[in-house]
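> Sequence and predicted structure are below.
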Amino acid sequence: MPPVKTVVPPQAAAIYESYLACLAGRGVGNKTFDSGARSFLARYPDPQAWAGLPLDQRLAGTRPHLQPLLNFLMLHRHLRPGYDYLLDRKLTAIVREAAASPLAADLDRFLAGAEALGYSGRARAGMTSQIAVRMLIQTGRGLGELTDADFTAFGEAISEREQRLGRDLGHYHGALYASRAVAYHLGAPAEPAPKRSTLGRWSWERHLDGVTDQVRKPMTAYLERIQGTLARSSVQGNASELAHFGRFLARHDPGLASLALLDRQRHMEPYLNEVAAAINHRTGTPIAASTAKGRILTVGSFLDAIAEWGWPEAPVRRLIFPRDAPKLPHPLPRYLPPDQERALLAALENSPDRLLADALLLLRATGMRIGELTMLELDCVHEVPGQGSWLKVPLGKLLTERMGAHRRRDRRARRQDRRVSLTGTAAAAPAHRQARRLPAHPPGPPGLRRSHPRRTAPCRRPGRHRRRSAAHAQAYLCHRHGQRRLLAAGADGSARARVRGDEPALRQLSGIASDGRETAGGLMITGSR
């Protein structure tokens, strides 16, 4: 005997029929979807009564065979489950299912408005799934009817979930800020909110969780003191590094009464050993040398600062020294051969996307950061009488603005252009002259004088001193001229070591002609710094 199906109440029959028609239109559905819908509607003929249950019961009752029904009820304005439920569920398929719902037109308008404001496709998709569809479901109104109170309520729900989970949900706050601007752009009665400040979002005591009270108090006071002179992000970085040291002290010496009792051998050297063996909790690999150096130097700066300020918690002597931090590698940038550079420049010159190509050419010519390039003003090029044109770089990462001269072509290139314009054919470039003799004793840096008289005693091997002097002069000129240009071009160490006065190809690449003059040949990156 087949099982008896659950009877749907008459007041929910219309919802049930619409749900089955929606599944048939999408070409999905099975027996579990049907039985789940019958059981849910038999228990809750008014679906909104289900939203009054506590959050844990709503989450526990959301079984996989009920999720299609709940999505249908939310998208067709039969259910407003609350922001707490909407934020706790991922709702991965709801945007796709919204194409056949009354929310489709508003979501299409939202996507078009976000595109008009310049948001990328990934950002538009994230804003739609995280903010727009959830607000349309919960408010029960159209996109043009969203108010400031609706966005404020959603922001409070995000902050409440942050406190419940104990972690930051900055991606939701950023998406809410951007979605509010899009709604205002589309005519909704919601003013664009000011940029959300991070001040006061987390207290410094919360950054120092797991640290004993005797150590947390001076660390908190130190962080509050330096936030008057450093950016919030810099203080947060110091708080993270100090938290590692504080938790180490809580494990290593939980009975430590004050930082004044710290000892180099008992406390600092075991901490240095722990930093050297630290593992990245995400990748399972040893932490980078820069991370280890930051942890050590931050603790040293903290202890030195409180000692200089005369705090009673300061140690009696210095405990961290610069040599305790690991040395960082200084790799050179990848060397770009001249033929590849010419091909790259030709591709940029012939690119149909002139905006991006011109931006890359400008970055190569000036050495700006990408963020500085995006903040250039319309009147950033200034003509200085007698000095040519200068580019004003705005405030960027270094919080300084500067002026950079446009790179000028040398005289030889300008004469070559004039010959081409007059004759119509390009004349052959003049050959390099024969290299002149190098001085036996090149001058030293300015202001450096010999503190001892020149050696006048006869040498047992006269040729030895002469060969060594010539080699010294040759290496000196290569260092002062060739390596400087190759460093700017990004040449590796082996290429710089091969630069000698008798190799014209490398000499031309380094920017030095055979007569010792700098030329325009080779790969040269002119920076404005």
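Nice, thanks for sending it over.
> Point out where the stretch 401-529 of the chain drops to low pLDDT.
The stretch 401-529 of the chain contains residues with pLDDT under 70 at 404-529.
> An error on my part: the question was meant for the chain.
1-3, 193-202, 396-399, 404-529.
> now for the helix or strand hosting residue 180, which elements pack on it?
Taking DSSP states H and E as the definition, residue 180 sits inside helix 170-185. Packing partners of helix 170-185 (3 or more Cβ pairs under 8 Å, 6 or more residues apart in numbering; DSSP states H and E): helix 104-116, helix 121-127, helix 148-165. Using the backbone N, CA and C atoms, a C-beta is placed for each residue, glycine as well.
> where along the stretch 201-350 of the chain do the helices fall?
204-207, 213-226, 232-252, 269-276, 289-308, 338-349 (DSSP state H, counting those that start in this stretch).
> Make a markdown table out of these and add mean neighbour count and distance to residue 173.
Formatted as a markdown table, these follow (neighbours: other Cβ atoms under 10 Å; distance: least, Cβ to Cβ, whole Å):
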| stretch | mean neighbour count | distance to residue 173 |
| --- | --- | --- |
| helix 204-207 | 16 | 17 |
| helix 213-226 | 18 | 23 |
| helix 232-252 | 17 | 15 |
| helix 269-276 | 16 | 33 |
| helix 289-308 | 18 | 27 |
| helix 338-349 | 12 | 38 |
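> just to revisit the earlier point, of the helices and strands packed on helix 170-185, flag the one that's most buried.
helix 104-116 (a mean of 17; mean count of other Cβ atoms under 10 Å).
> what does that helix rub up against?
Contacts to helix 104-116, defined as Cβ atoms under 8 Å, 6 or more residues apart in numbering, come from residues 95, 98, 123-124, 127-128, 132-133, 136, 142-143, 178-179, 182-183, 185-186.
> for residue 98, what are its contacts?
Per Cβ under 8 Å, 6+ apart, neighbours of residue 98: 75, 104, 107, 133.
> Looking at the residues you listed, which one is closest to residue 381?
Among the contacts of residue 98, residue 107 lies closest to residue 381 (Cβ to Cβ), at 42.9 Å.
> how much space between the closest one and residue 101?
Residue 107 sits 9 Å away from residue 101 when distances are taken as Cβ to Cβ, to the nearest Å.
> what does residue 230 give?
49 Å.
> and residue 100, how many neighbours?
By other Cβ atoms under 10 Å, the residues close to residue 100 number 14.
> how does the chain divide into domains?
As given by automatic domain parsing, the domain ranges for the chain are 10-185, 204-324, 338-409.
> Could you dump the contacts of residue 98 into a markdown table with distance to residue 269 added?
Shown next, in a markdown table, are these (distance: Cβ to Cβ, whole Å):
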| residue | distance to residue 269 |
| --- | --- |
| 75 | 62 |
| 104 | 65 |
| 107 | 60 |
| 133 | 56 |
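> List the contacts of residue 73.
15, 47, 79.
> at 6 Å what do you get?
Taking Cβ atoms under 6 Å, 6 or more residues apart in numbering, we find residue 73 in contact with 47, 79.
> ranges for the helices of the stretch 1-150 of the chain?
Under DSSP H, counting those that start in this stretch, the stretch 1-150 of the chain gives helices at 13-26, 31-43, 55-60, 67-75, 83-88, 94-97, 104-116, 121-127, 133-139, 148-165.
> Identify whichever of those helices lies nearest to residue 394.
Per Cβ to Cβ, nearest to residue 394 of those: helix 121-127, 24.0 Å.
> and that closest one, C-alpha only, in PDB?
Output in PDB follows, covering the C-alpha atoms of helix 121-127 (Å, rounded to 0.1, in the frame of the first residue of the first chain):
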ATOM      1  CA  GLY A 121      31.900  42.000 -13.200                       C
ATOM      2  CA  ARG A 122      33.100  40.100 -10.100                       C
ATOM      3  CA  ALA A 123      32.300  43.100  -7.800                       C
ATOM      4  CA  ARG A 124      28.800  43.400  -9.400                       C
ATOM      5  CA  ALA A 125      28.100  39.700  -8.800                       C
ATOM      6  CA  GLY A 126      29.300  39.900  -5.200                       C
ATOM      7  CA  MET A 127      27.200  43.000  -4.500                       C
END
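> Please work out which residues outside that helix touch it.
Residues from elsewhere that reach helix 121-127 (Cβ under 6 Å, 6+ apart): 111, 114, 175, 178, 179.
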